[in-house]
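> Below are the sequence and a predicted model for it; my questions follow.
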Amino acid sequence: MNNKYELIYEGKAKKVFSHSESDKVIIEFKDDATAFNALKKAKFEGKGKLNCLISAKIFEHLIKNNIPTHFIELKNENIMMAKKIKVIPLEIVLRNTAYGSLCKQTTIKSGTVLAKPLIDIYLKNDELNDPLITKDRIELMKILSSKDLDSIINLTLKINGILKSFFKNIQLQLVDFKLEFGYDSKNNILLGDEISPDNCRLWDLNQKNDTIVSLDKDRFRNDLGGLIEAYSEINRRINNFI
C-alpha cells in the first residue's frame, strides 16, 4: 500500500486506509483467516484477493437492486475504494437454515430450513466475545434508535431475498450470513464490511445426495481443508453468472 495513505484501522481480515478525499477510504483485504473470535488463526495465500473480488461483484449486484452500500469501486484484486462510514457496533446475522451456534443454543436440529428468516443481533465487541443482544439492550446502551434498528432489519431482509436468489443461480444455498452497517457523512445507513465466503455460509447445491459440502469459512473452522479451492470455485461461478 502506498505510503501516502494512512492506516486508520486494522481488523482480522482487512486494513482500512485514509483517502485524499475525507469521505472515502481504501480497504485492503488480508490473507489471514480467523475463527472462534481469533482463537484459531492461519494465513492462506490468495484469500484476500478472492474475498475482495467476490465482495465487489456482490456489492455491485446489491447496488443494482437499490441497496445502499459503502462500495465505490475495485482498485485492484485485493483493494477496494469505499465510502467512509461510522461503523455501528452490531453484527446482524440472518439465518435461513439452522446450523452452528443456533443448534448449540436451542433444540432446533441442524439443517432445519426455517419457516421464516431468523435475525440474531450480536454486540460487536471482542472483549465480551460478541454476545447475543436484545433490542431493549441496544436501546439501553444507546447504540442506535429503534427507528434505525428497524431500518437495518428491513434492509437485512431485503438483502437476504436478493442474495438467496443470486446464490441459487450459481447453485449455492445461502444458509446464513453476517452483515455490518454504518452511517455515512450525511447520516445515511449503508451496508459496510464485506459479503464473501468469510461471512456467508454457502452449501453446494450440485451434490446429488444429502451430503453438506461447505464452500465457505467452515472449511477452515472445521479443518475440512480446501479453503482456497472453495473460494476460487465461488469466484468462478460468479464470473460465469455475471
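Looks like it arrived, so ask away.
> what's in contact with stretch 206-225?
33, 35-36, 40, 42, 44, 111, 171-172, 197-204, 226-227, 230-231, 233-234 (CB atoms under 8 Å, 6 or more residues apart in numbering). All C-beta atoms are positioned from the backbone trio N, CA, C, and that covers glycine.
> Type out the PyMOL command that picks the buried ones from these.
Remark: buried members of the contacts of stretch 206-225, expressed as a PyMOL selection using 16 or more other CB atoms under 10 Å:
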select buried, resi 33+35+172+197+198+199+200+201+202+203+204+227+230+231+233+234
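> Among the contacts of stretch 206-225, which ones are in strands?
Ala33, Ala35, Lys40, Ala42, Leu172, Cys200, Arg201, Leu202, Trp203, Asp204 (DSSP state E).
> got a pLDDT number for the third one?
In other words, Lys40. Per-residue confidence (pLDDT) for Lys40: 91.
> Next, work out how far apart the closest residue to it other than its chain neighbours and Ile133 are.
Leaving aside its chain neighbours, Lys40 sits nearest to Thr34 (6.7 Å; criterion: CB to CB, 6 or more residues apart in numbering). Relative to Ile133, Thr34 is positioned 21 Å away (CB to CB, to the nearest Å).
> Neighbour count: the two, which is higher?
A count of neighbours by other CB atoms under 10 Å puts Ile133 above the other of Thr34 and Ile133, at 21 against 18.
> tell me the contacts of the more buried one?
Per CB under 8 Å, 6+ apart, neighbours of Ile133: Leu90, Ile121, Tyr122, Leu123.
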